[in-house]
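S.K.: Task: produce atomic coordinates for the following.
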Amino acid sequence: MTRDEVSKVSAESQKYCTELFDKLDEQRHVHTRRTPTDTDVSRLSRGGNWSSASFDPSSGYLFVNMNEDGAIGQMNPQPPDSPIPYVRRGRFEEYAWFRDQNGRPCQQPPWGTLTAVDLQKGEIVWRVPLGIVEELEAKGVHNTGTQNLGGSIVTAGGLVFIAGTTDHRFRAFDAKTGKQLWEAQLEANGHATPMTFQGRNSGKQFVVVASGGGGFLRSLSSVLSDEVVAYALP
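M.R.: Sure, this is the predicted structure:
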């Protein structure tokens, strides 16, 4: 990551993140001069989550949601008799987020994405921001995406369903184009992979997601719930 990639979603965020970036950069040079490069301060970003991907065998597309969310850490030397010579530590924990004073990533958005990959060609077909930050939306800052935890499913009808975001929403995307076709408000964040089934009596297709909030991203939303929500497709 370079200094030009620091978040500019607001003047306050840009100032805070630039100062943090410069401080880390200074620390990095100090560590590099005085110690082995193993102890270099690092800023890391982008990656698929622990959430599952979903696959459509008819198109050969794999659908993966990712977090574009940096972390700060360095390798700390351990005592001579330790079985592992170095342990990665962040500022306060193993994974210290590279975020601004509002808890938003310090790099330019999108901070969460949903991507379709053509496995037959090894190419990205489409990639779209996943999630919104309502406070920024109100200020005219769009397509930010959000941190997400929870996988997707894809139906034979060509819909990709996914919750996972920190904006309490459940969405459906066109599997071919990535266009968002539908969304619903949840009581809390749906940090779970949806499921689908056919109703025994109605014959309708249902899509279900757990809307509990909490979990790994609980610090970004204090809303908790005990709901499991089902939607029927026409």
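S.K.: What score does the residue positioned nearest the centre of the chain have for pLDDT?
M.R.: Nearest to the mean C-alpha position of the chain, by C-alpha atoms, centre = their mean, lies Asn67 at 2.7 Å. The predicted local distance difference test score for Asn67 is 89.
S.K.: can you give me the helices in this protein?
M.R.: Along the chain, the segments classed as helices by DSSP state H run 11-34, 134-138.
S.K.: Could I get the buried residue list for the shortest one?
M.R.: Buried residues in helix 134-138, defined by neighbour count with 16 or more other C-beta atoms under 10 Å: Leu136. Placement of C-beta: from N, CA and C, glycine included.
S.K.: hmm, who's touching it?
M.R.: 9-10, 142, 144, 167 (C-beta atoms under 8 Å, 6 or more residues apart in numbering).
S.K.: Of the residues you listed - the most surrounded one?
M.R.: Neighbour counts for the contacts of helix 134-138 peak at Asp167, which has 25 neighbours (criterion: other C-beta atoms under 10 Å).
S.K.: contacting residues around that one?
M.R.: Taking C-beta under 8 Å, 6+ apart, we find Asp167 in contact with 131-134, 146, 189.
S.K.: So which of the residues you listed is the closest to Val229?
M.R.: Asn189 (12.1 Å; C-beta to C-beta).
S.K.: Ramachandran angles for that closest one?
M.R.: With angles defined as degrees, to the nearest 10, Asn189 shows backbone torsions of phi -60, psi 140.
S.K.: Look up which residues are beta-bridged to the residue lying closest to it once chain neighbours are set aside.
M.R.: The shortest distance from Asn189 to any residue that is not its chain neighbour, by C-beta to C-beta, 6 or more residues apart in numbering, is 4.7 Å, and that residue is Gly213. With DSSP bridges as the criterion, the beta-bridge partners of Gly213 are Leu224.
S.K.: Tell me how many other residues surround Gly213.
M.R.: For Gly213, the number of neighbouring residues by other C-beta under 10 Å comes to 23.
S.K.: ok, now Leu20?
M.R.: 18.
S.K.: contacting residues for it?
M.R.: Under the criterion of C-beta under 8 Å, 6+ apart, the contact partners of Leu20 comprise 98, 100, 106.
S.K.: From the residues you listed, which shows the smallest pLDDT?
M.R.: Phe98 (87).
S.K.: I'd assumed Gly73 was in contact with it.
M.R.: No: at 9.6 Å, Phe98 and Gly73 do not qualify as touching, with contact defined as C-beta atoms under 8 Å.
S.K.: Give me the more crowded residue out of the two.
M.R.: Between Phe98 and Gly73, counted using other C-beta under 10 Å, the more crowded position is Phe98 (25 against 19).
S.K.: list the contacts for the more buried one?
M.R.: With contacts defined as C-beta under 8 Å, 6+ apart, Phe98 is in contact with 20, 43, 45, 69-72, 105-107.
S.K.: Any of these buried? List them.
M.R.: In these, burial by neighbour count holds for 20, 43, 45, 69-72, 105-107, counting by 16+ other C-beta under 10 Å.
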